[in-house]
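[1] Sequence and predicted model, in that order:
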Amino acid sequence: MKKGLFISFEGIEGCGKTTQAKRLFKYLVTQGYKCILTQEPGGTGISKKIREILLDKENKKLTPIAELFLYLADRAQHTEEVVLPALKSNKIVITDRSVDSTIAYQGGGREISMETIKTLNQFVTKGITPNITILLDIEPEKGLARIKNKDRMELEKIKFYKKVRKVYLDIANKEPKRVKIINGNLKIEEIELGIRKFIQKQLLK
């Protein structure tokens, strides 16, 4: 692989994306690839502080617009400090959430203008977006049932997550070459194997 590759994992709460991102990272490292594993929000020191604000259950008064800009601030810092340097060093960047999360959650869930979010995403990422996105799809009821200690973003009503899921699927349908939908209901090992096979094919291109 002569150039960097940007892989994002997406999906609603409880879909298993964090587990699968870690597993893919470990697998690719064993195969000799130079990789980094990161996340949004929280992929840098500054971002960790932003993450605390966003996920704190006590912050019930956080407005949708304020929430949006906190995620964007996190992404701006993450892009500049982590993503761009790694890609310039021809590494594989694996991130747990990226631009699609903001479109799905703040655009779909919070019903903020999609066009505004897309424009802001482009601005804070300097136009850098994932080459490959793994979307772990699962029904909101099943995903939320897997979570024991819920944070602020995991305490919304089912209707919210259904809107989020719909936008994710819309994105996947519009960008089938970038977004690969994986059934999140399968066993962890089955999901992992499916992701491995898919990524291996992409690395050979």
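    Ah, there it is.

[2] For stretch 72-92, list every residue counted as buried.
    Neighbour counts over stretch 72-92 (16 or more other C-beta atoms under 10 Å) mark 72, 74-79, 81-84, 86-87, 91-92 as buried. To be clear about C-beta, it is placed using only N, CA and C from the backbone, and glycine gets the same treatment.

[3] just the helices in the chain please.
    In the chain, helices defined by DSSP state H lie at 17-30, 45-55, 64-78, 84-88, 99-102, 114-125, 140-145, 158-174, 188-203, listed in chain order.

[4] low pLDDT regions in this protein?
    Scanning the chain for pLDDT under 70 picks out 1-2.

[5] at 90 what do you get?
    1-3, 148-149, 203-205 (pLDDT under 90).

[6] in it, which residue is closest to the centre?
    When C-alpha atoms, centre = their mean is applied to the chain, the residue found nearest the centroid is Arg97 (1.4 Å).

[7] Return the backbone torsion pair for the spatially closest residue to that residue that is not a sequence neighbour.
    Spatial nearest neighbour of Arg97, chain neighbours left out: Glu40 (4.5 Å); criterion: C-beta to C-beta, 6 or more residues apart in numbering. With angles defined as degrees, to the nearest 10, Glu40 sits at phi -130, psi 130.

[8] Could you report the neighbour count for the spatially closest residue to Arg23 that is not a sequence neighbour?
    Closest residue to Arg23 apart from its sequence neighbours, by C-beta to C-beta, 6+ apart: Glu192 at 5.0 Å. By other C-beta atoms under 10 Å, 19 other residues sit near Glu192.

[9] For Glu192, give its distance to Ile182.
    10 Å (C-beta to C-beta, to the nearest Å).

[10] which residues do these two both contact?
    Contact with both Glu192 and Ile182 is made by residues Gln20, according to C-beta atoms under 8 Å, 6 or more residues apart in numbering.

[11] coming back round to it: my guess is the residue nearest to Arg97 meets Asp74, correct?
    Yes: between Glu40 and Asp74 there is a contact at 6.0 Å, judged by C-beta atoms under 8 Å.

[12] Run through the residues that contact Gly108.
    Listed by C-beta under 8 Å, 6+ apart, the contact set of Gly108 reads Lys163, Val164, Lys166, Val167, Tyr168.

[13] mind redoing it with 6 Å?
    Gly108 is in contact with Lys163, Val164, Val167, counting by C-beta atoms under 6 Å, 6 or more residues apart in numbering.
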